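>>> Show me how the following folds:
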Amino acid sequence: MSLRPFRLRPLAAALWLALPAAAAGQQALPLEQLRAEAAAGQAAAQYALALRLQDGRGVLQNYAGAADWLTRAAEQGHAAAQNRLGQSYHSGLGVAQDRAQALHWLEQAAASGRAQYLFDLAAVLEQAPDGSGAAQAAELYARAAGQGHQDAAVSLGVLYQNGTGVAQDPARARQLYEGPAAAGHPRALNNLGLMHVRGEGAAQDYARAAALFEAAAAQGLAPAIRNLGVMYENGFGVPLDEARAADLYRRAARAAGAAADPGLIYDARLAPPDSSAAGLERLTDGAAAGDPLAQFQLAWLALQQPDPPRAGLLAAVAQLRASAEAGYPAAMANLGWMYFEGRALPQDYVLGYMWLVLAASAGLPEARGLSAALQARLTPAQLAEAQELAAAKAGAGPQH
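Purely as a prediction, here's the structure:
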């Protein structure tokens with residue numbers, strides 16, 4: 001068996017948080033009003049504008065511009081801006097990657113005592129290459145867990161389970177997992193299941209472990225799906241079922257792949273395209289007349305074929321490009337994905353991300369999710385280049 005506790009690491013790209021109510025209110029302001037208030041020095045507006053620039057909501061995504069506004073707000077003591085600026089320095093998005101600066105700003109935010117900021121600082125400290133930050137990370141996780149932060153409790157449990165930064169104490173790890181697991185926290189369920197498999201810090205109980213893995217797997221956690229497959233493959237706590245195990249392994253691979261690449265997306269605002277002969281004729285006529293919606297739907301239908309011929313792929317890409325150049329956001333997003341995949345196009349992450357930035361700024365919510373899933377494939381320099389290309393294509397100046 002290959003069963004290990006599942007750790008939660010900060011994403012290489014970013015660790016963006018849910019918006020507090022005050023920031024959400026600022027986000028609702030018209031963009032020009034928000035820019036005016038930010039320029040007037042209002043820290044809350046500066047932070048809210050930075051969020052829009054990071055997210056690409058109603059504006060072209062621009063990490064450098066976001067970092068500039070975060071810095072202005074952070075220097076005024078805005079804790080949420082300090083936290084995000086620290087994350088920017090940690091990931092190297094919008095600023096040069098700088099661990100010292102990342103820790104400086106994360107520490108400033110954590111001084112507020114807010115659980116999420118304690119957790120974010122701890123997560124970065126835990127990643128110190130020489131392991132020097134593990135003990136301090138454990139202290140911070142404990143403080144955040146004391147405020148009810150479930151991710152912090154689980155991360156602290158992993159440290160106790162492995163003896164990292166603290167004396168190894170499987171029983172303490174189990175205690176830390178149990179509360180979040182009872183609340184349905186998938187990582188806690190998975191890691192508690194591992195303890196029952198091994199009999200470390202908990203009674204060995206394969207049936208209990210399988211039930212815990214099942215609960216985490218139902219939430220789509222790929223390691224838990226894989227671990228449940230191990231149980232079925234070996235008949236531990238469940239009937240021996242190699243076919244079921246193979247299916248679970250495939251599900252785990254799909255779950256991991258879906259998180260990394262959700263694939264083509266359809267515009268949820270539209271009814272499904274009509275694939276009947278008459279419908280295809282109408283779409284073909286509309287596409288030939290330059291209707292971007294018809295061009296997109298015609299391309300979409302072609303790309304849904306299990307194994308479309310090369311000529312069909314090229315024709316679909318041509319339709320997507322025409323629709324994207326006309327400004328239709330769903331076509332932009334899917335053309336971007338085609339560049340990422342190198343499907344009927346030379347693989348080009350920079351051009352792919354450029355189209356996703358344009359699609360998101362044009363108001364397609366799904367494009368933001370797709371770009372978030374795919375941006376880990378790019379270096380910070382490539383992300384910056386893609387954002388610059390998007391601004392140039394849109395005819396926009398610097399989005400600061």
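>>> State the three-state secondary structure for the residue of the chain most remote from its centre.
The outermost residue of the chain relative to its centre, with distances by Cα atoms, centre = their mean, is Ala278 at 40.5 Å. Using DSSP: H, G, I helix; E, B strand; the rest coil, the structure places Ala278 in helix.
>>> roughly how far apart are it and Thr284?
From Ala278 across to Thr284, the span is 11 Å (Cβ to Cβ, to the nearest Å). C-beta coordinates here come from the backbone N, C-alpha and C atoms, glycine included.
>>> ok, now Ala110?
Taking Cβ to Cβ, one finds Ala110 at 59 Å from Thr284.
>>> Please identify which of the two sits among more neighbours.
Taking neighbours as other Cβ atoms under 10 Å, Ala110 and Thr284 compare with Ala110 leading, 25 against 14.
>>> if I pick that one, what's in contact with it?
Residues in contact with Ala110 (Cβ atoms under 8 Å, 6 or more residues apart in numbering) are Asn83, Tyr117, Leu118, Asp120, Leu121, Leu140.
>>> The same query, at a cut-off of 7 Å, please.
Counting by Cβ atoms under 7 Å, 6 or more residues apart in numbering, Ala110 makes contact with Tyr117, Leu118, Leu121.
>>> out of these, which one sits closest to Leu264?
Closest approach to Leu264 among the contacts of Ala110 (Cβ to Cβ): Tyr117, at 37.2 Å.
>>> Next, count neighbours for that closest one.
Look at Tyr117: counted by other Cβ under 10 Å, it has 24 neighbours.
>>> And the one 4 residues further on, by the same measure?
Per other Cβ under 10 Å, the neighbour tally for Leu121 reads 27.
>>> Same question for Gly395.
By other Cβ under 10 Å, 6 other residues sit near Gly395.
>>> Identify the residues contacting Tyr349.
Contacts of Tyr349 (Cβ under 7 Å, 6+ apart): Phe340, Arg377, Leu378, Gln382.
>>> List the buried residues of the helix or strand hosting Tyr249.
Using DSSP states H and E, Tyr249 sits within helix 242-260. Neighbour counts over helix 242-260 (16 or more other Cβ atoms under 10 Å) mark Arg244, Ala245, Leu248, Tyr249, Arg251, Ala252, Ala255, Ala256 as buried.
>>> Remind me what that helix packs against, helices and strands.
Contacts defined by 3 or more Cβ pairs under 7 Å, 6 or more residues apart in numbering; DSSP states H and E place helix 242-260 against helix 222-234.
>>> pretty sure Leu356 is touching Asn334, no?
No: contact criterion Cβ atoms under 7 Å: Leu356 and Asn334 do not qualify, at 9.7 Å.
>>> What pLDDT is listed against Phe6?
You'll see Phe6 listed with a pLDDT of 54.
>>> I misspoke; the intended subject was Ile265.
So, for Ile265, pLDDT stands at 85.
>>> was I right about it contacting Arg368?
No: under the criterion of Cβ under 7 Å, Ile265 is not in contact with Arg368, lying 10.8 Å apart.
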